[in-house]
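Peer 1: task: produce atomic coordinates for the following.
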Amino acid sequence: MTLFTYESRALTDEEREQADARGITVVDAAVGRLEVEDERLVGVRLADGTLVQLDVFALEPRFTARADLLAELGVIADHHPMGEVLACNAPAESVIPGVWLAGNVTDLGAQVIGAAVDGARAAIGINSELLQEDVQGAVDRRRRRP
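Peer 2: Numbering: from 1, shown residues only. Okay, the predicted model is just below:
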């Protein structure tokens, strides 16, 4: 197994030691292209021309929350090893009062059921906020009565 790390986060000394102990070769050089012969992958050609022979090539995905609108409200993306996520307090409440978040924008590994749970948490939080506002409004109106 070979791990290509160019332009990804740097491995710690401990991670390099772990990779070495497992027989994983770490290549820090830039990948130029995949080499294919007779419609079959044979390796990776590095930017310097070196060929690293491979049978299989897998990419680490990078996920970025599509949150331009939320950035305008002040919700800023945090860096994560797999991409970017939005800062979120538990449960589903963003760092901006009145803005609620759910699903993969806060948890890059969330599956559909987890995203649904986050959506339910956000709905409960929103309902709670609205109920509290209604109750406070009723109290304020009552206090103003002669």
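Peer 1: so which residues of this structure form helices?
Peer 2: Under the criterion DSSP state H, helices of the chain are mapped to 13-21, 68-73, 112-144.
Peer 1: ends of stretch 51-60, how far apart?
Peer 2: Criterion Cα to Cα, to the nearest Å; first-to-last residue distance in stretch 51-60 is 20 Å.
Peer 1: the helices of the chain: lowest mean pLDDT?
Peer 2: Lowest mean pLDDT of the helices of the chain: helix 68-73, a mean of 81.
Peer 1: contacts for that one?
Peer 2: For helix 68-73, contacts defined as Cβ atoms under 8 Å, 6 or more residues apart in numbering pick out 77, 86, 94, 96, 99, 101, 105. Where you see a C-beta, it was placed from the backbone N, CA and C, and this is true even at glycine.
Peer 1: just stretch 38-46 next, same as before
Peer 2: Defining contact as Cβ under 8 Å, 6+ apart, one finds that stretch 38-46 is touched by 2, 4, 27, 29-36, 51-57.
Peer 1: okay, buried residues for it please.
Peer 2: Of all the residues in stretch 38-46, those buried under the rule 16 or more other Cβ atoms under 10 Å are 43, 44, 46.
Peer 1: stretch 104-114 too?
Peer 2: Within stretch 104-114, the residues scored as buried using 16+ other Cβ under 10 Å are 104, 105, 106, 107, 108, 110.
Peer 1: quick one, phi/psi of the most centrally placed residue in the chain?
Peer 2: Among the residues of the chain, the one closest to the centroid is residue 108, at 3.7 Å (Cα atoms, centre = their mean). Here is the backbone geometry of residue 108 (degrees, to the nearest 10): phi -60, psi -20.
Peer 1: who touches it in this structure?
Peer 2: Residue 108 sits next to 63, 80, 82, 83, 85 when contact means Cβ under 8 Å, 6+ apart.
Peer 1: same deal with residue 36?
Peer 2: By Cβ under 8 Å, 6+ apart, residue 36 lies in contact with residue 42.
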